[in-house]
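Novice: Structure for the following, please:
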Amino acid sequence: MIIMEDGIIKTAHSIQELAKKRGLDIEDLDRAGQFISSVMQKDVGQTLEFLYEITRFNRWDRQIKLIEKVETLLYEKGISDQVRPIPSKFAIPVFKAASYEYQEELHDIWARLFSVALNPAMDFPRYAYIDIIKQIELIDLRTLNACYED
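Specialist: Below is the predicted model of the structure:
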């Protein structure tokens, strides 16, 4: 019984430390940690660090791809050196949302929105577009494209 209590205390401590360190919600972290550790049969603290690193790497990869796409779009428009500054109120949510998008066609929408915001020749996009694009699924995008093409 003492060994089990000691393990629970260590697990709880690991979860609390990781949550503090990473600024994460403890309940979500605990639920994910318990599930993943049972599947991987590893210590919860190690499992959560592993899960966090994978997620962070995948998001980082998507952010780099967004930057590459935006740079390409700006280059194609011939305005790479003429971009306007955009408010962090716009840039951060777009950058964050795009980092979660794994479907290329939808990821491209984020890149286009970002490039329009940087283009001084275009009207600045409405902030509402961020929430609208977050709700679009691939079928919606394809349907809208088909309507536009016809």
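
Novice: Flag every buried residue along the helix or strand harbouring residue 90.
Specialist: Using DSSP states H and E, residue 90 falls within helix 88-100. Counting neighbours by 16 or more other C-beta atoms under 10 Å, one finds that the buried residues in helix 88-100 are 90, 94-95, 97-99. All C-beta spots, glycine's among them, are computed from the backbone N, C-alpha and C.

Novice: again with stretch 115-122
Specialist: For stretch 115-122, by 16+ other C-beta under 10 Å, it's 115-119.

Novice: Low-confidence stretches in the chain?
Specialist: Within the chain, the stretches with pLDDT under 70 are 1-52, 54, 57.

Novice: mind listing the helices for it?
Specialist: Applying DSSP state H to the chain gives helices spanning 2-22, 26-40, 44-77, 88-100, 104-118, 128-135, 138-149.

Novice: and the angle from the fifth one to helix 128-135?
Specialist: This means helix 104-118. 170 degrees (axes from the mean of the first three to the mean of the last three C-alpha atoms, to 10 degrees).

Novice: now do the last one
Specialist: Here helix 138-149 runs at 120 degrees with respect to helix 128-135, directions being taken by the same axes, to 10 degrees.

Novice: can you list contacts of helix 138-149?
Specialist: 103, 105-106, 109 (C-beta atoms under 8 Å, 6 or more residues apart in numbering).

Novice: Which members of those are the farthest-apart pair?
Specialist: Maximum pairwise distance in these, criterion C-beta to C-beta, is 9.7 Å, between 103 and 109.

Novice: For residue 111, which non-adjacent residue is closest in space?
Specialist: Leaving aside its sequence neighbours, residue 111 sits nearest to residue 69 (C-beta to C-beta, 6 or more residues apart in numbering; 3.6 Å).

Novice: what does residue 121 give?
Specialist: Closest to residue 121 by C-beta to C-beta, 6+ apart is residue 79, at 7.3 Å.

Novice: That neighbour touches residue 116, doesn't it?
Specialist: No: under the criterion of C-beta atoms under 8 Å, residue 79 is not in contact with residue 116, lying 11.1 Å apart.

Novice: Show me what the helix holding residue 90 is packed against.
Specialist: Packing partners of helix 88-100 (3 or more C-beta pairs under 8 Å, 6 or more residues apart in numbering; DSSP states H and E): helix 44-77, helix 104-118, helix 128-135.
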